[in-house]
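Visitor: quick check, what structure comes out for this input:
(one chain, ligands or ions: 1)
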Amino acid sequence: MGRSNKLEKARAYEKQKAAKIGAADRPAFHLTPYVGWMNDPNGFSLYKGQYHLFYQYYPYDTSWGPMHWGHAVSRDLLHWEYLPCAMANDEDYDRNGVFSGSAIELPDGRQLLIYTGVREEKIKGRKSRVRQTQCVAVGDGVNYKKYGGNPVITGRQLPEGASREDFRDPKIVQAEDGSYLCYVGSRPADGSGQILVYESSDGFQWKFRNVLIENRNRVGRMWECPDVFALDGKTVLFTSPQDIRADQLEGLTGNCGIAIVGTIDPGTGELCEEWIQPMDCGIDFYAQQSVQTADGRRVMIGWMQNWDACGERNPEQKWFGQMSLPREIHIRNGRIYQTPVRELDACRKQAVKAADLPVNGCVRLPGVSGRIVDLNMKVRPDATDGFSTFELRFAENEDGTQYCSLTYDRRNGTLSISRLHSGTCRALLHERTCHVACTDSLHLRVILDRFSAEVFVNDGEQTMSMAYYTDMKADGISFHVDGAARLDLEKYELAF
Ligand code: FRU
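Guide: The predicted model follows:
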């Protein structure tokens, strides 16, 4: 397969540079870029017995640059093996970037990648303009060849008034009759967002079909990174709106991955929306995509960073950006619930358990520390006395001056995740708070992996994710209770 100089250069560069990154300088089980920069998950799929996860990638710097697709594979969604860079921006139609997209297996056994090609056009005497088109490449799971007929969906196939500049992130799915549908993010004339549906019999020739749903400026503006799938009798649309205001989505602002859940009208093909929920209420989570596992589970993965807070980083690190834990999703009680993939359970070692432990003031427990940890807690007020706040500190340094925290405020029924006191010197978003169901017993599962915390609240009714890049020596865990609480605790080391 003829490979371009740009791709060869990226492959040689990443191999050489990645060899200098020690395993202990990366998370143990969260995927990071081979080297350089990573954003959105792309092409999350099952192909020939392995999970493939591609990602938005710029190998040459730890900041965003002309996008490539990085590539990794796994059999259990936790142990990832790097494969060579899958695509570079080496064609005229994608010279400014190979943006996000998806993957599917073709009937002949080849893997099809569909992505957005970005091309900036300079027009004499005028401001340059950007064109985004949808393009495909076909390969064997390692090497891919861009299709000679690219781009396969262009601005000419947009509904009237839609922007040719904001037209991206195709997600391909196979319909029951074997044909293909493709969902693409778009900006209609109102400056807001919408999701478009295209159809094809072979994955190469595409036709506009309908508008799946319009944002009408309800949640942010442009809607990026769509994914559409059936889940527990409903249809779920994942999308990631930009520019969200606090009054639009449970107090969250900026870029947030959301789910819109409803049913498809068989006549119009439109999504009749029943509810919208954020897919994470922490600081760092965006652009989630899903895959169906061989045993039928729907598993989601997101980019565990925040566009506006990428300044929170360790400048010494040779990589930046990480994926979230893959999470199984289900609908219960009119809501999507999330749990860490069950494959994680096999990695739990060295249990430390305590039941009905009275905690008040500051408590440290023997055997409870570490940066690669699965911590399960049930917190309830002591029968005689209650508590107002219960705070878990983690990634805590030796003298307790620097730490991350998770604080349950029982009176207000809120949970806050924070890296404000982690030692950061940056003036960015460092804390987020969400309302949690005020039960007598709050259930928290906290998964730590060197540079991140993911919190699953009340069996995954809500999640809060946060990245932090602090010194690995800060591995303390402590409990701080204002009042008297009772704690059931199970703590495991996670070993890989
Ligand atoms: C989302 C996004 C996508 C785009 C990609 C570019 O984070 O803006 O819409 O394809 O990142 O890297």
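Visitor: secondary structure class for Asp345?
Guide: Per DSSP: H, G, I helix; E, B strand; the rest coil, the secondary structure class of Asp345 is helix.
Visitor: measure it to Thr463 for me?
Guide: 18 Å (C-beta to C-beta, to the nearest Å). All C-beta spots, glycine's among them, are computed from the backbone N, C-alpha and C.
Visitor: roughly how far is stretch 224-243 from the heart of the chain?
Guide: 13 Å (C-alpha atoms, centre = their mean, to the nearest Å).
Visitor: still on that earlier bit, which of Asp345 and Thr463 has more neighbours?
Guide: Thr463 (25 against 10; other C-beta atoms under 10 Å).
Visitor: any idea which element the more buried one lies in?
Guide: According to DSSP states H and E, Thr463 maps onto strand 462-467.
Visitor: so which bits of that strand are buried?
Guide: Of all the residues in strand 462-467, those buried under the rule 16 or more other C-beta atoms under 10 Å are 462-467.
Visitor: most widely separated two among these?
Guide: Across these, the longest distance by C-beta to C-beta is 18.1 Å; it joins Gln462 and Ala467.
Visitor: number of nearby residues for the residue of the stretch 151-300 of the chain found nearest the ligand?
Guide: Relative to the ligand, the nearest point of the stretch 151-300 of the chain is Glu224 (3.6 Å; C-beta to the nearest ligand atom). Each residue near Glu224 was counted by other C-beta under 10 Å, and the total is 21.
Visitor: so it makes contact with Ile244?
Guide: No. The criterion here is C-beta atoms under 8 Å, and Glu224 misses it with Ile244 at 11.9 Å.
Visitor: what is the burial count for Gln157?
Guide: Applying other C-beta under 10 Å, we find 18 residues neighbouring Gln157.
Visitor: assumed Ser240 was part of a strand.
Guide: Yes. Assessed with three-state DSSP, Ser240 lies in a strand.
Visitor: list the contacts for it?
Guide: 223-225, 255-258, 286-288 (C-beta atoms under 8 Å, 6 or more residues apart in numbering).
Visitor: highest neighbour count among those?
Guide: Highest neighbour count within those, by other C-beta under 10 Å: Cys225, with 28 neighbours.
Visitor: look up how far the ligand lies from Leu392.
Guide: Applying C-beta to the nearest ligand atom, to the nearest Å, the value for Leu392 to the ligand is 30 Å.
Visitor: equivalent analysis for Arg119, please.
Guide: Separation of Arg119 from the ligand (C-beta to the nearest ligand atom): 14 Å.
Visitor: element containing the closest residue to that residue other than its chain neighbours, please.
Guide: Leaving out its chain neighbours, the residue that sits closest to Arg119 by C-beta to C-beta, 6 or more residues apart in numbering is Arg131, at 4.9 Å. Here Arg131 is covered by strand 129-139, with elements defined by DSSP H and E.
Visitor: convert the C-alpha atoms of that strand to PDB, please.
Guide: Only the C-alpha atoms of strand 129-139 are listed here, as PDB (Å, rounded to 0.1, in the frame of the first residue of the first chain):
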ATOM      1  CA  ARG A 129     -12.100  30.100   4.200                       C
ATOM      2  CA  VAL A 130     -12.300  26.600   5.600                       C
ATOM      3  CA  ARG A 131     -14.000  23.700   3.900                       C
ATOM      4  CA  GLN A 132     -14.900  20.500   5.800                       C
ATOM      5  CA  THR A 133     -15.900  17.400   3.800                       C
ATOM      6  CA  GLN A 134     -16.300  13.700   4.600                       C
ATOM      7  CA  CYS A 135     -13.700  11.300   3.300                       C
ATOM      8  CA  VAL A 136     -13.000   7.600   3.500                       C
ATOM      9  CA  ALA A 137     -10.000   5.300   3.700                       C
ATOM     10  CA  VAL A 138      -9.900   1.500   3.600                       C
ATOM     11  CA  GLY A 139      -7.400  -0.900   5.200                       C
END
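Visitor: that strand and the ligand, any residue contact?
Guide: No. Using C-beta under 6 Å from any ligand atom, strand 129-139 never reaches the ligand; the gap is at least 8.4 Å.
Visitor: name the helices or strands packed onto that strand?
Guide: strand 81-87, strand 111-121, strand 144-146, strand 167-174 (3 or more C-beta pairs under 8 Å, 6 or more residues apart in numbering; DSSP states H and E).
Visitor: so Trp303 touches Asp40, yeah?
Guide: Yes. Between Trp303 and Asp40 there is a contact under C-beta under 8 Å: 5.2 Å.
Visitor: list residues touching both of the two?
Guide: When contacts are counted by C-beta under 8 Å, 6+ apart, Trp303 and Asp40 have 55-56, 286-287 as shared neighbours.
Visitor: farthest pair in those residues?
Guide: By the measure C-beta to C-beta, Tyr55 and Tyr286 form the most distant pair in these, at 12.4 Å.
Visitor: can you check which residues contact both of the two?
Guide: Common neighbours of Tyr55 and Tyr286 (criterion: C-beta under 8 Å, 6+ apart): 40, 303.
Visitor: which parts of the stretch 251-400 of the chain sit against the ligand?
Guide: Residues of the stretch 251-400 of the chain lying near the ligand by C-beta under 6 Å from any ligand atom: 286-287.
Visitor: would you map the strands across the stretch 251-400 of the chain?
Guide: In the stretch 251-400 of the chain, the segments counted as strands under DSSP state E, counting those that start in this stretch are 258-264, 271-278, 286-292, 298-303, 319-320, 327-332, 335-340, 348-363, 372-381, 387-396.
Visitor: which strands border the longest one, and is each parallel or antiparallel?
Guide: According to DSSP bridges, strand 348-363 forms sheet pairs with strand 476-494 (antiparallel).
Visitor: do you know the pLDDT at the closest residue to Ser179 other than its chain neighbours?
Guide: What sits nearest to Ser179 in space, not counting adjacent residues and going by C-beta to C-beta, 6+ apart, is Ser201, at 5.0 Å. We have a pLDDT of 98 for Ser201.
Visitor: surely Ser201 and Ala175 touch.
Guide: No. The pair Ser201 / Ala175 is not scored as a contact, 10.0 Å apart, by C-beta under 8 Å.
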